[in-house]
Each structure stands twice: as structure tokens, then as C-alpha cells.
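**Q** please find the sequence and the predicted model below.
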Amino acid sequence: MQGRCNCGAVSASFANGPVQTRQCWCRQCQKAAAGGPTHNAMFQTADVTLTGDVARWSYLALSGNTLTQSFCSACGTPVYAQSSARPQFMTFRLGFLDEPHGLAPEMAIWTSEKPAWAKIDPDLSSYPGQPPAPATR
């Protein structure tokens, strides 16, 4: 599996598939996704090879952890996020990944933050806040 930003300056390859896929409704993700959720795939950091220049922005998330968002410094495409509590994982936006990746969210997280109009797929596991960490391989 591989991925790249809109301009091609940042790319990633993945030695293994994701450990989890998520739909996130936290307010920060809603801002990044123009009001809806972000759709993300969590990979083990050791499985990721990243090339290119990324810019970063960090903030204290509702979980109490520092979340660092990384994006292409040339075109601004969101690339990945990483939590201070889980450095063993890098969470990539599904839109960054090259098609056909065939991934879909397995769970919806931070649903307590979703807007009143949002509908959560009842087939997804749902968490009002931070879910448990996925297992590492």
C-alpha cells in the first residue's frame, strides 16, 4: 500500500496493512474535514516509510494527549496524525492513500462531539470519546 499528497511532494509506503480504520468526529477533525468526520487508517510506525517535507501542528486534545497533525508543506494535504500517548502508531487520512486501497471505517470515535445532524452507521462500533488502543503486531 502506498499514498501521496496532491502535489506528490510527500509519499508513504506501508510494509503491512493498517491495524485499525476509524471515522473521527472530534471537533478538530470536523474542522479539518469541513464539518464532517475524518476517515483514517492507523499503521504501526515501524511499518511506515515516509518521504518528503511535512509541516506539523500540535495541540492538546480532549483525550489529554498532545496530537500532532502533519501535512504536506507544499500543497497542504493532510498526511498523518500521531498521539503522544501512542507513538507506535501513525494515523493516515484515507484520502492520502492511493486507490484502490479498499479500506473503510471499522468504528466511529468521539461521537459525543458530532453535530446533531450527523448519522453514525449502526454497523460501526461507536465510542463517545477515545477508544482503546489497537493491538500491535
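**A** Cool, got the structure. On a predicted model such as this, the values are computed, not experimentally measured, just so you know.
**Q** what's the worst-scoring helix or strand of the chain on mean pLDDT packed up against?
**A** In the chain, no helix or strand scores lower on mean pLDDT, DSSP states H and E than helix 27-32, which sits at a mean of 90. Helix 27-32 sits against strand 66-72, with contacts defined as 3 or more Cβ pairs under 8 Å, 6 or more residues apart in numbering; DSSP states H and E. In short, each C-beta sits where N, CA and C put it, glycine included.
**Q** adjacent strands (with direction) for the strand it packs on?
**A** Paired with strand 66-72 in the same sheet, following DSSP bridges, are strand 54-60 (antiparallel), strand 78-83 (antiparallel).
**Q** could you export these as TSV, including mean pLDDT?
**A** Below are these laid out as TSV (pLDDT from 0 to 100):
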stretch	mean pLDDT
strand 54-60	94
strand 78-83	94
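**Q** quick check: residue 41 is in a strand.
**A** Yes - checked against DSSP: H, G, I helix; E, B strand; the rest coil, residue 41 lies within a strand.
**Q** and it, how close does it get to residue 113?
**A** 20 Å (Cβ to Cβ, to the nearest Å).
**Q** which one of these two has more residues nearby?
**A** Shown here are residue 41 and residue 113; by other Cβ atoms under 10 Å, residue 41 has more neighbours (26 against 18).
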